[in-house]
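Asker: requesting a structural model of the entry that follows:
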Amino acid sequence: MKQILLTKGTERSFKRLPKKNQEKTKKQFELLLANYRHPSLRARKMPGANYFEARIDIHYRFTFSLVRKGILVLTIGPHDEGLGKK
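Answerer: Next up, the predicted model:
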């Protein structure tokens, strides 16, 4: 069974999100497990990298990688931070 896997840093980032965004993130994770190409996620492979970016809402993003045990979430946060740029 596939599952969402979070690193310790990603868990901390998730806990720092506003409660409203935590709920949105959980909803997006459910969609991610069902189909990582779901239109609501607007997931796309990052150029020159082996991971994807996806959308929580207009201001928040997360990156993830497909692994054998499930989906490893690498970063979560406001747009640039969520894409691992800050």
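Asker: how about the helices of the protein, start to end?
Answerer: When assigned using DSSP state H, the helices of the chain occupy the ranges 8-16, 19-34, 79-82.
Asker: low-confidence stretches in this protein?
Answerer: When the per-residue scores of the chain are filtered using pLDDT under 70, the ranges that remain are 1, 80-86.
Asker: format the helices of the chain as JSON lines; extra columns: mean neighbour count and distance to residue 69.
Answerer: Heads up, the C-betas are built off the backbone N, CA and C, glycines and all. Formatted as JSON lines, these follow (neighbours: other Cβ atoms under 10 Å; distance: least, Cβ to Cβ, whole Å):
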{"stretch": "helix 8-16", "mean neighbour count": "13", "distance to residue 69": "15"}
{"stretch": "helix 19-34", "mean neighbour count": "15", "distance to residue 69": "12"}
{"stretch": "helix 79-82", "mean neighbour count": "16", "distance to residue 69": "22"}
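Asker: torsion angles phi and psi at residue 58?
Answerer: Its backbone dihedrals place residue 58 at phi -60, psi -30, with angles given as degrees, to the nearest 10.
Asker: residue 61 and residue 68: what is the separation?
Answerer: 24 Å (Cβ to Cβ, to the nearest Å).
Asker: which of those two has more neighbours?
Answerer: Shown here are residue 61 and residue 68; by other Cβ atoms under 10 Å, residue 61 has more neighbours (22 against 6).
Asker: phi, psi of the closest residue to residue 37 other than its chain neighbours?
Answerer: Closest residue to residue 37 in three dimensions, ignoring its sequence neighbours and counting by Cβ to Cβ, 6 or more residues apart in numbering: residue 43, at 6.1 Å. Residue 43 adopts backbone torsions of phi -70, psi 140, taken as degrees, to the nearest 10.
Asker: burial measure for residue 43, as a count.
Answerer: Around residue 43 there are 20 other residues, counting by other Cβ under 10 Å.
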